[in-house]
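Student: One predicted model, sequence on top.
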Amino acid sequence: MKYIIAVIFGLILVLPTQISIAQEKLPLTASELKLLLSGNSMAGNGKLNEPAAPYDWVAFYAADGTITMRLKPEWGGASDSGRWWITEKGELCRQFHKMASGKEGCWLFYREGTFFRFVPSQGIAVEGRTAIIKGNFLQTSD
């Protein structure tokens with residue numbers, strides 16, 4: 001806990017300060033991330049400020065650890081599958097069969113209002129913002 005030290009009339013006062021999680025920008029924990037992603041979709045539109053529909057890419061994170069991703073037609077319309085996992089440190093890692101030449105990428109996630117910022121922590125990864133959509137959005141976005 002952080003403290004403020006004040007000297008008033010020759011007395012030293014030590015007062016605790018209230019530091020919110022939002023101010024410290026703590027990444028999501030492993031359990032928070034698993035609860036958020038398992039059985040749900042992540043989507044973005046290439047805009048860091050507002051990842052809203054129409055989306056440029058959508059990824060579905062199945063509860064069994066498999067992932068399926070699809071890009072919009074203007075981005076080649078590619079789709080791929082692979083696996084995803086969450087490390088003890090709270091990193092989301094994924095590896096596709098073809099995308100990113102099959103190399104692993106890992107990210108830390110930070111809540112930003114209704115969106116989430118993902119920041120690379122290791123491997124082949126880029127930074128961005130995303131929306132989480134309940135369920136398998138790939139089945140409903142055709």
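Tutor: Alright, I've got the coordinates. Numbering: from 1, shown residues only.
Student: Grab the most central residue of this protein for me.
Tutor: Nearest to the mean C-alpha position of the chain, by Cα atoms, centre = their mean, lies Phe109 at 3.7 Å.
Student: so what's that residue up against?
Tutor: Contacts for Phe109 (Cβ atoms under 8 Å, 6 or more residues apart in numbering) come out as 27-28, 33, 36, 90, 92, 116-119. All C-beta atoms are positioned from the backbone trio N, CA, C, and that covers glycine.
Student: Just among those residues, which is most surrounded?
Tutor: Leu92 (25 neighbours; other Cβ atoms under 10 Å).
Student: Quick check: bridge partners of that residue?
Tutor: Ile86, Trp107 (DSSP bridges).
Student: do the same with Pro120
Tutor: What pairs with Pro120, by the bridge criterion (DSSP bridges), is Trp107.
Student: Report the secondary structure state of Arg129.
Tutor: Assigned by DSSP: H, G, I helix; E, B strand; the rest coil, the conformation of Arg129 is strand.
Student: Burial check on it, number of neighbours?
Tutor: 19.
Student: looking at it, it is touching Val119, isn't it?
Tutor: No. Using Cβ atoms under 8 Å, Arg129 is not in contact with Val119, being 10.4 Å away.
Student: quick revisit: closest one of the contacts of Phe109 to Gly76?
Tutor: Phe118 (21.5 Å; Cβ to Cβ).
Student: follow-up on the earlier one: what's the most distant pair in the contacts of Phe109?
Tutor: Most distant of these, by Cβ to Cβ, are Leu36 and Val119, 15.8 Å apart.
Student: can you pull the contacts of Gly44?
Tutor: Contacts of Gly44 by Cβ under 8 Å, 6+ apart are 51, 55-57, 128-131.
Student: Redo those as a markdown table? Include pLDDT and distance to Thr68.
Tutor: Listed next are those as a markdown table, based on pLDDT from 0 to 100; distance: Cβ to Cβ, whole Å:
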| residue | pLDDT | distance to Thr68 |
| --- | --- | --- |
| Pro51 | 59 | 19 |
| Tyr55 | 81 | 14 |
| Asp56 | 85 | 16 |
| Trp57 | 88 | 11 |
| Gly128 | 81 | 19 |
| Arg129 | 83 | 21 |
| Thr130 | 88 | 16 |
| Ala131 | 89 | 17 |
